[in-house]
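**Student:** A predicted structure for the sequence below; I have some questions about it.
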Amino acid sequence: MSLKPAHPINESADAPLLNFSNCHEGIISHLNDFGQLPALLAPAARAREIAEETLRFFRAAVFEHHSEEERELFPAVLSSAVKGEERDRVQVMVDQLTAEHRTVEAAWLKLEPELKKVAKGHSTELNVAGVEHLVTSYLGHARFEEDHFLPLAHTILGRNANHMEALGLSLHMRHAPRIIAHI
(Lines give C-alpha, C1' and ligand atoms only; values in the text may rest on other atoms or scores of the structure.)
Protein backbone atom coordinates (compact mmCIF):
# COMPACT_ATOMS: atom_id res chain seq x y z
CA MET A 1 0.00 0.00 0.00
CA SER A 2 1.33 3.40 -0.89
CA LEU A 3 0.23 6.59 0.82
CA LYS A 4 -0.31 9.57 -1.39
CA PRO A 5 -1.25 12.82 0.27
CA ALA A 6 -4.81 13.99 -0.31
CA HIS A 7 -3.51 17.41 -1.33
CA PRO A 8 -0.35 18.54 -3.12
CA ILE A 9 2.63 18.98 -0.83
CA ASN A 10 4.95 21.92 -0.96
CA GLU A 11 8.16 20.24 0.20
CA SER A 12 9.73 23.31 1.78
CA ALA A 13 6.60 24.55 3.53
CA ASP A 14 5.25 21.13 4.45
CA ALA A 15 8.60 19.51 5.46
CA PRO A 16 7.47 18.64 9.01
CA LEU A 17 4.33 16.94 7.64
CA LEU A 18 6.30 15.21 4.92
CA ASN A 19 8.45 13.68 7.65
CA PHE A 20 5.32 12.09 9.20
CA SER A 21 4.13 10.92 5.80
CA ASN A 22 7.50 9.26 5.05
CA CYS A 23 7.40 7.63 8.45
CA HIS A 24 3.95 6.19 7.66
CA GLU A 25 5.28 4.75 4.39
CA GLY A 26 8.06 2.99 6.31
CA ILE A 27 5.64 1.66 8.90
CA ILE A 28 3.23 0.44 6.24
CA SER A 29 6.05 -1.26 4.36
CA HIS A 30 7.01 -3.18 7.51
CA LEU A 31 3.38 -3.97 8.31
CA ASN A 32 2.91 -5.35 4.80
CA ASP A 33 5.84 -7.68 5.45
CA PHE A 34 4.39 -8.55 8.87
CA GLY A 35 1.06 -9.33 7.21
CA GLN A 36 2.81 -12.11 5.26
CA LEU A 37 3.88 -13.86 8.46
CA PRO A 38 0.71 -15.98 8.98
CA ALA A 39 1.05 -17.42 5.47
CA LEU A 40 4.69 -18.25 6.15
CA LEU A 41 3.96 -19.95 9.48
CA ALA A 42 1.83 -22.68 7.93
CA PRO A 43 4.68 -24.11 5.81
CA ALA A 44 7.05 -23.83 8.80
CA ALA A 45 4.56 -25.70 10.99
CA ARG A 46 4.16 -28.35 8.27
CA ALA A 47 7.96 -28.71 8.06
CA ARG A 48 8.12 -29.34 11.82
CA GLU A 49 5.24 -31.82 11.58
CA ILE A 50 6.88 -33.76 8.73
CA ALA A 51 10.19 -33.80 10.59
CA GLU A 52 8.52 -35.12 13.77
CA GLU A 53 6.59 -37.79 11.88
CA THR A 54 9.66 -38.87 9.95
CA LEU A 55 11.73 -39.12 13.12
CA ARG A 56 9.10 -41.34 14.77
CA PHE A 57 8.53 -43.41 11.66
CA PHE A 58 11.98 -44.02 10.25
CA ARG A 59 13.60 -46.00 13.03
CA ALA A 60 10.42 -47.85 13.99
CA ALA A 61 9.35 -48.74 10.47
CA VAL A 62 12.30 -48.61 8.09
CA PHE A 63 15.00 -50.02 10.37
CA GLU A 64 12.61 -52.69 11.63
CA HIS A 65 11.53 -53.54 8.08
CA HIS A 66 15.15 -54.00 7.03
CA SER A 67 15.80 -56.17 10.07
CA GLU A 68 12.80 -58.40 9.33
CA GLU A 69 13.82 -58.84 5.73
CA GLU A 70 17.35 -59.77 6.74
CA ARG A 71 16.31 -62.11 9.61
CA GLU A 72 13.23 -63.69 8.06
CA LEU A 73 12.60 -63.13 4.36
CA PHE A 74 16.08 -63.32 2.88
CA PRO A 75 17.10 -66.52 4.74
CA ALA A 76 13.75 -68.16 3.92
CA VAL A 77 14.13 -67.45 0.20
CA LEU A 78 17.79 -68.49 0.18
CA SER A 79 17.09 -71.78 1.97
CA SER A 80 14.17 -72.59 -0.36
CA ALA A 81 15.97 -71.65 -3.59
CA VAL A 82 17.17 -74.42 -5.84
CA LYS A 83 20.93 -74.91 -5.54
CA GLY A 84 22.90 -73.54 -8.43
CA GLU A 85 21.87 -70.67 -10.66
CA GLU A 86 18.67 -69.82 -8.77
CA ARG A 87 20.30 -69.72 -5.35
CA ASP A 88 23.24 -67.74 -6.78
CA ARG A 89 20.80 -65.23 -8.27
CA VAL A 90 18.98 -64.91 -4.95
CA GLN A 91 22.29 -64.46 -3.11
CA VAL A 92 23.32 -61.62 -5.45
CA MET A 93 19.95 -59.92 -4.88
CA VAL A 94 20.10 -60.41 -1.10
CA ASP A 95 23.63 -58.98 -1.01
CA GLN A 96 22.51 -55.99 -3.08
CA LEU A 97 19.40 -55.35 -0.98
CA THR A 98 21.32 -55.69 2.29
CA ALA A 99 23.98 -53.25 1.05
CA GLU A 100 21.21 -50.83 0.08
CA HIS A 101 19.74 -51.16 3.59
CA ARG A 102 23.08 -50.09 5.07
CA THR A 103 23.35 -47.19 2.59
CA VAL A 104 19.87 -45.89 3.44
CA GLU A 105 20.47 -46.32 7.18
CA ALA A 106 23.83 -44.50 6.99
CA ALA A 107 22.22 -41.65 5.06
CA TRP A 108 19.49 -41.46 7.72
CA LEU A 109 22.00 -41.32 10.56
CA LYS A 110 23.64 -38.29 8.92
CA LEU A 111 20.30 -36.50 8.49
CA GLU A 112 18.70 -37.41 11.82
CA PRO A 113 20.40 -34.71 13.95
CA GLU A 114 19.41 -32.00 11.47
CA LEU A 115 15.86 -33.33 11.33
CA LYS A 116 15.59 -33.21 15.11
CA LYS A 117 16.43 -29.50 14.95
CA VAL A 118 13.76 -28.94 12.29
CA ALA A 119 11.22 -30.84 14.40
CA LYS A 120 11.93 -28.50 17.31
CA GLY A 121 11.56 -25.44 15.09
CA HIS A 122 15.23 -24.56 15.34
CA SER A 123 16.95 -22.96 12.41
CA THR A 124 19.15 -25.44 10.61
CA GLU A 125 20.83 -25.93 7.32
CA LEU A 126 19.07 -29.13 6.31
CA ASN A 127 21.22 -31.10 3.89
CA VAL A 128 18.87 -30.92 0.90
CA ALA A 129 21.11 -33.09 -1.27
CA GLY A 130 21.21 -35.66 1.56
CA VAL A 131 17.41 -35.73 1.80
CA GLU A 132 17.08 -36.09 -1.97
CA HIS A 133 19.71 -38.85 -2.00
CA LEU A 134 17.99 -40.82 0.76
CA VAL A 135 14.57 -40.52 -0.88
CA THR A 136 15.90 -41.44 -4.33
CA SER A 137 17.97 -44.33 -2.96
CA TYR A 138 15.03 -45.79 -1.09
CA LEU A 139 12.65 -45.42 -4.01
CA GLY A 140 15.11 -47.29 -6.24
CA HIS A 141 15.61 -49.94 -3.56
CA ALA A 142 11.87 -50.47 -3.08
CA ARG A 143 11.24 -50.58 -6.83
CA PHE A 144 13.94 -53.23 -7.36
CA GLU A 145 12.58 -55.28 -4.48
CA GLU A 146 8.98 -55.00 -5.72
CA ASP A 147 9.80 -55.66 -9.38
CA HIS A 148 12.46 -58.35 -9.02
CA PHE A 149 13.08 -59.83 -5.60
CA LEU A 150 9.55 -60.24 -4.25
CA PRO A 151 8.19 -61.90 -7.42
CA LEU A 152 11.14 -64.31 -7.33
CA ALA A 153 10.58 -64.89 -3.61
CA HIS A 154 6.91 -65.62 -4.32
CA THR A 155 7.88 -68.16 -6.97
CA ILE A 156 10.46 -69.86 -4.75
CA LEU A 157 8.43 -69.92 -1.53
CA GLY A 158 5.22 -70.70 -3.44
CA ARG A 159 6.60 -74.06 -4.59
CA ASN A 160 6.07 -75.41 -1.10
CA ALA A 161 3.14 -74.08 0.91
CA ASN A 162 4.94 -75.04 4.12
CA HIS A 163 7.77 -72.60 3.34
CA MET A 164 5.36 -69.69 2.82
CA GLU A 165 3.41 -70.67 5.95
CA ALA A 166 6.61 -70.91 7.99
CA LEU A 167 7.60 -67.40 6.94
CA GLY A 168 4.09 -66.14 7.76
CA LEU A 169 4.16 -67.80 11.18
CA SER A 170 7.60 -66.43 11.93
CA LEU A 171 6.49 -62.89 11.06
CA HIS A 172 3.29 -63.30 13.05
CA MET A 173 5.21 -64.47 16.11
CA ARG A 174 7.59 -61.53 15.83
CA HIS A 175 4.66 -59.09 15.81
CA ALA A 176 2.47 -60.84 18.35
CA PRO A 177 2.32 -59.13 21.72
CA ARG A 178 4.44 -60.87 24.29
CA ILE A 179 2.44 -62.20 27.18
CA ILE A 180 4.26 -62.46 30.44
CA ALA A 181 2.54 -64.71 32.89
CA HIS A 182 3.38 -65.88 36.34
CA ILE A 183 2.27 -69.20 37.71
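**Tutor:** Yep, that arrived.
**Student:** only C-alpha atoms for contact and neighbour calcs from this point on.
**Tutor:** OK.
**Student:** burial of Glu132, as a residue count?
**Tutor:** Residues lying near Glu132 (other C-alpha atoms under 10 Å) number 11.
**Student:** no no, Arg46
**Tutor:** Residues within reach of Arg46, counting by other C-alpha under 10 Å, total 12.
**Student:** What sits closest to Ala51 if chain neighbours are left out?
**Tutor:** Ala119 (4.9 Å; C-alpha to C-alpha, 6 or more residues apart in numbering).
**Student:** how about that neighbour, what does it touch?
**Tutor:** Contact analysis of Ala119 by C-alpha atoms under 8 Å, 6 or more residues apart in numbering lists Ala47, Arg48, Glu49, Ile50, Ala51, Glu52.
**Student:** change it to 7 Å
**Tutor:** Counting by C-alpha atoms under 7 Å, 6 or more residues apart in numbering, Ala119 touches Arg48, Glu49, Ala51, Glu52.
**Student:** can you tell me the helix or strand for Val82?
**Tutor:** Assigned by DSSP states H and E, Val82 belongs to neither a helix nor a strand.
**Student:** For it, the count of nearby residues, please.
**Tutor:** 13.
**Student:** related to what we said a few turns ago, got the phi/psi numbers for the residue nearest to Ala51?
**Tutor:** Per-residue torsions, Ala119: phi -60, psi -30 (degrees, to the nearest 10).
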